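Q: the following comprises the amino acid sequence and a computationally predicted model.
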Amino acid sequence: MKTFYLPLLMALCGPLATVAQPADTAWRPYKHPKGLFSLRYPPGWATRTDDNGRVFFTSPLQTDTDNFRENVNISAAASPGLTQQDLLNGVADIIADIKANMNDFELLEQKTWPQSGLKGLQITYKAKIPSLGEFDLQFVQRFFVKGPTLYTITFTSLSSDASLQASGMRLLNSIRF
């Protein structure tokens, strides 16, 4: 009986593995010039680095009426003496700081998040950024400390449009420190 189920299972799962593989290879690899992190990002997304060294990955516009580019940005800042435990203990201060700089802030979730061998913090919330006008946005922010570096990773999307959420979260999850 066991020998019957194994070939059946392999026959059912084999085509799935074949179909999924090309999607993974289509994603582009990115490695930070200083080796601070690496990741994979979707085809069609653009990348740029600002004057402060923050790296952005932005989606293409989805339609002619689309006026917001979903994005992931990653900041790696020197923070000597900061520990992962300090970060986890300071979650209330982090949330208060975010709330002070946003309009219509709504905390959806806060939790510890394991990634790349580190235990970090993930905060999910909805808010409006005053300088961007009336966009109802959703944010997933992750914070990690590795050595003397504080990583802040943010995925920003429209609250009303989840079409790029899977790609944005997959990009977040691909980050390696």
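A: Received it, and whenever you're ready, just let me know what you need.
Q: who's in contact with the closest residue to Asn173 other than its chain neighbours?
A: Nearest residue to Asn173 in three dimensions, chain neighbours excluded: Gln115, at 7.3 Å (Cβ to Cβ, 6 or more residues apart in numbering). Using the backbone N, CA and C atoms, a C-beta is placed for each residue, glycine as well. By Cβ atoms under 8 Å, 6 or more residues apart in numbering, Gln115 lies in contact with Arg142, Phe144, Asn173, Ile175, Phe177.
Q: what does Lys146 give?
A: Going by Cβ under 8 Å, 6+ apart, Lys146 touches Leu118, Phe177.
Q: for it, give its distance to Thr83.
A: Separation of Lys146 from Thr83 (Cβ to Cβ, to the nearest Å) stands at 11 Å.
Q: coming back round to it: just the buried ones from the contacts of Gln115?
A: Arg142, Phe144, Ile175, Phe177 (16 or more other Cβ atoms under 10 Å).
Q: out of these, list just those in strands.
A: Arg142, Phe144 (DSSP state E).
Q: which one of the buried ones among the contacts of Gln115 is nearest to Leu158?
A: Nearest to Leu158 among these is Arg142, at 19.6 Å by Cβ to Cβ.
Q: quick check: phi and psi at the closest residue to the closest one other than its chain neighbours.
A: The shortest distance from Arg142 to any non-neighbouring residue, by Cβ to Cβ, 6+ apart, is to Ile153 (4.5 Å). Phi and psi for Ile153, reported as degrees, to the nearest 10, are phi -120, psi 130.
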